[in-house]
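Novice: Structure for this input, please:
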Amino acid sequence: MLRDASVTQREDDDSLAIGARHRLACARLLSTATLLAVSAAGTTSAFAAQTSTPADRYPEKPIRVIVPFAPGGGLDLTARLLGLKITEKWKQNVVIDARPGAATIVGTEIASHALPDGYTVLMITTTFAINPSLYRKLPYDPQRDFTAVTQLNAQPNIVVVGPTFSARSVKDLIALAKARRGELTFASPGAGSAPHLAGELFQRMAGVQMIHVPYKGIPPAVTDVLGGRVTMLFTTTLSAAPHIQSGKMKALAVTSAKRLPSMPDVPTIAETVPGYEAEAFQGVVAPAGVPRAIVEKLANELASLVKSREVAERFEADGAVAAGSTPQQFAAFLKTETEKWAKVIREAKIQQE
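Specialist: From the prediction side, this is the model:
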């Protein structure tokens, strides 16, 4: 049966129109779906931004690390080592800001006034625990103005004597000091320094009396021990190691509670004087008021770094032992150290203006 051409044409046109309308409807549905997806994604992102905390986003900008010593010293080197590792991990720059002066008081005061947002922290040593009792007045309060983050390491001192000194052990030293009361001398890198207080603590616990000879730094003190002008020196293991290895100095003991892995043959003072312990340390604190979650996040990262093989071995080579404590542990440690050295300073009548 033949169909009229006009009828066929109309049917074809109707089919084309239906197809076009179908495609248009599909396009509109696709467009609506796309808009809904974009809107949903935007809503999700906005919701995530609204519900995430500063700690979740930390760090979002460079971190400033104040070092209250001159560049090139032990604390500065530790700050740079850890700063490099944090930069690699968190992809944010760590800016080392050296602010030396007044036995760390200058840099510490600056840090006490920083915004409590976690983007400024302070590197500290034993002076942080010593200064509150050593100075009549400080421009900051270590307990009120700072939050403990973590202890990075412990740094024992070592007692060394010249090669001709007759004592070969702490027992010999105590016997000689009691026989020659007030005649033996001990050097330190300065009045009120950690090695000086280690010597004062030794006198009190061992029941001996010696004469303290303060120097302006370690090198001149080492020179006078080598020359026999002073009896002994309380100093860092790093500064004494080359002279011990060359035979120019004798190591009597270390001031830590346990022997050092790097010097296993050198006994501790505690092996002769039970309970004796006098270690310096390096640590990190932040201005008071930093959100606890940020403090915990920073502490966890630093603890992980100092316990890593690379950093722990670096500390050991410098005569230190890696720590990596929690904020709570470090806060308790700082309290104990502050009280300990306050007693020594009070009994030895040491005071700085």
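Novice: Pop the domain breakdown of this protein in here.
Specialist: As recorded under automatic domain parsing, the domains making up the chain are 56-154+280-348, 156-271.
Novice: In this structure, mark out all the strands, start to finish.
Specialist: 63-67, 94-98, 120-125, 146-161, 185-188, 211-214, 232-236, 250-254, 279-287, 321-322 (DSSP state E).
Novice: Isn't Asp76 up against Phe69?
Specialist: Yes - assessed by Cβ atoms under 8 Å, Asp76 is found in contact with Phe69 at 6.0 Å. Any C-beta I mention is one placed from the backbone N, CA and C, and that applies to glycine too.
Novice: Identify the contacts common to the two.
Specialist: Taking Cβ atoms under 8 Å, 6 or more residues apart in numbering as the criterion, Asp76 and Phe69 both touch Ala98.
Novice: Report the central residue of the chain.
Specialist: Closest to where the C-alpha atoms of the chain average out (Cα atoms, centre = their mean) is Gly283, at 3.0 Å.
Novice: what is that residue paired to in the beta sheet?
Specialist: Counting by DSSP bridges, Gly283 forms beta bridges with Ile124, Gln151.
Novice: OK, contacts around it?
Specialist: Neighbouring residues of Gly283 by Cβ under 8 Å, 6+ apart: Met123, Ile124, Thr125, Phe128, Ala148, Val149, Thr150, Gln151, Leu152, Ala323, Phe330, Leu334.
Novice: and those as CSV, adding distance to His212 and pLDDT?
Specialist: Shown next, in CSV, are the contacts of Gly283 (distance: Cβ to Cβ, whole Å; pLDDT from 0 to 100):
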residue, distance to His212, pLDDT
Met123, 28, 98
Ile124, 24, 98
Thr125, 20, 97
Phe128, 22, 98
Ala148, 31, 98
Val149, 33, 98
Thr150, 33, 98
Gln151, 28, 98
Leu152, 29, 98
Ala323, 29, 97
Phe330, 30, 98
Leu334, 25, 98
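Novice: Can I get those residues in CSV including neighbour count?
Specialist: Listed next are the contacts of Gly283 as CSV, based on neighbours: other Cβ atoms under 10 Å:
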residue, neighbour count
Met123, 27
Ile124, 28
Thr125, 22
Phe128, 21
Ala148, 25
Val149, 27
Thr150, 23
Gln151, 26
Leu152, 29
Ala323, 22
Phe330, 24
Leu334, 21
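Novice: mind giving me CSV with the strands of the chain and columns for distance to Leu302?
Specialist: Below are the strands of the chain laid out as CSV (distance: least, Cβ to Cβ, whole Å):
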stretch, distance to Leu302
strand 63-67, 11
strand 94-98, 11
strand 120-125, 9
strand 146-161, 5
strand 185-188, 30
strand 211-214, 33
strand 232-236, 22
strand 250-254, 25
strand 279-287, 6
strand 321-322, 11
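Novice: So for Ala299, which of those sits nearest?
Specialist: Minimum separation from Ala299 across the strands of the chain (Cβ to Cβ) falls at strand 146-161, 4.5 Å.
Novice: who touches Met210 in this structure?
Specialist: Contact analysis of Met210 by Cβ under 8 Å, 6+ apart lists Ala177, Gly182, Leu184, Thr185, Phe186, Gly199, Gln203, Thr231.
Novice: actually Arg204, not the one I wrote
Specialist: Contacts for Arg204 (Cβ under 8 Å, 6+ apart) come out as Val344, Glu347, Ala348.
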